[in-house]
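A.B. asks: Based on what follows, work out the 3D shape:
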Amino acid sequence: MLSQVDLQQVLVLDVETAPQYASADEVPAAIMDLWAQKTQYQRREGESPEEYYHRAGIWAEFGKIVCISFGGFIRKQGEYGFRIKSIASDDEVEVLQGFIDILNKQPKELVLCAHNGKEFDFPYLCRRMLINGLSIPKQLQIAGKKPWEINHLDTMELWKFGDFKNYTSLNLLATVLGIPNPKDDIQGSDVHWVYWQEKDLKRIQTYCQKDVLTTAQILMKFKGMPSLSEELISYV
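C.D. replies: All right, here's what the predicted structure looks like:
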C-alpha cells in the first residue's frame, strides 16, 4: 500500500488551536452573537453560548493556531529516521509565517500528511493565513486542482478504505495498530485550558509533537514498514 509514496517527499504535520479569547466574558458582543448562531446545533439542550465557548478553538473563525509541529523522514544507511520541529507562540502570525517560510523553501510537489488533515488541519491553516493577511503556500493551495493533483495525505481517510461514514481518532488507530498512545498527558479538548489557564505552551508543543510522530508511525504501517526506533527520532 502507498508504494508510490516516497517518504522523503512527505512532511507530516499537526496543529494545535485555542479560542481567541481566554473566556467568553472577553469576547466582543458582535462576535458572541455570531458564535451563538454558529453553535446553535452543537450545544447541548440548555447549554449557553458562553458555557460552550471553551470549544471555540475548533472553528477557524473563532480560534487561533498556537502551535504547528511537523516532521520529515530522512534516510541514512538504508534506515529511515524522523526529524521533528515545532513553532509555538502566543503570536499567531509568528507561528503561521514561520511555517510559510519553511514551506516556501520546499518543492511545490511536497506531500503534506496529517490525521484528519483534509477536514481540519489543512483548511484551518489556510483560513487563518487568509484572516491574517498572509500568502498561502503552494502546497496548501487546492483551488482549481483535480483530486489527483492535490499532494495531501490523510491517515484517517486512508483508514476509511472508501467508508464515508467512518471517523477514527488518532488515538484509536494508533492503539489498534500497536503504536504507543500519544494521548498520555493531555488531549485536544484540554488545549484551551492548558493554553489560557496554565499558560504552558511547552506542554502543548510536546503534545503536538507526539501526534506528529504517531501519524508518521501510522503512515509507515500503511506502507508495510517497521516502526521508527527511538534512536532514529530527533527534535530540532
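
A.B. asks: would you list every one of the helices in this structure?
C.D. replies: Secondary structure of the chain (DSSP state H): helices located at 29-38, 92-104, 122-131, 155-160, 170-176, 191-196, 201-222.

A.B. asks: Out of those helices, flag the one nearest Ile68.
C.D. replies: Closest approach to Ile68 among the helices of the chain (CB to CB): helix 92-104, 4.9 Å. C-beta: built from backbone N, CA, C; applies to glycine.

A.B. asks: related to what we said a few turns ago, can you redo the helices of the chain as JSON lines with mean pLDDT and mean neighbour count?
C.D. replies: Output for the helices of the chain, formatted as JSON lines (pLDDT from 0 to 100; neighbours: other CB atoms under 10 Å):
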{"stretch": "helix 29-38", "mean pLDDT": "97", "mean neighbour count": "14"}
{"stretch": "helix 92-104", "mean pLDDT": "98", "mean neighbour count": "17"}
{"stretch": "helix 122-131", "mean pLDDT": "98", "mean neighbour count": "18"}
{"stretch": "helix 155-160", "mean pLDDT": "95", "mean neighbour count": "18"}
{"stretch": "helix 170-176", "mean pLDDT": "94", "mean neighbour count": "17"}
{"stretch": "helix 191-196", "mean pLDDT": "95", "mean neighbour count": "20"}
{"stretch": "helix 201-222", "mean pLDDT": "96", "mean neighbour count": "21"}
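
A.B. asks: mind putting the ones you listed in CSV, distance to Cys113 included?
C.D. replies: Shown next, in CSV, are the helices of the chain (distance: least, CB to CB, whole Å):
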stretch, distance to Cys113
helix 29-38, 29
helix 92-104, 13
helix 122-131, 10
helix 155-160, 7
helix 170-176, 12
helix 191-196, 21
helix 201-222, 6
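
A.B. asks: Could you say which one of these comes nearest to Leu140?
C.D. replies: Here helix 122-131 is closest among the helices of the chain (CB to CB), at 5.4 Å.

A.B. asks: So what's the gap between the closest one and the chain middle?
C.D. replies: When C-alpha coordinates are averaged (CA atoms, centre = their mean, to the nearest Å), helix 122-131 and its chain have centres 12 Å apart.

A.B. asks: And for stretch 22-35?
C.D. replies: On CA atoms, centre = their mean, the centre of stretch 22-35 falls 25 Å from that of its chain.

A.B. asks: returning to what we had before: closest to Asp14 out of the helices of the chain?
C.D. replies: Closest approach to Asp14 among the helices of the chain (CB to CB): helix 201-222, 4.3 Å.

A.B. asks: how about the helices of the chain, which one is nearest Ser86?
C.D. replies: Of all the helices of the chain, it is helix 201-222 that lies closest to Ser86, at 4.8 Å by CB to CB.
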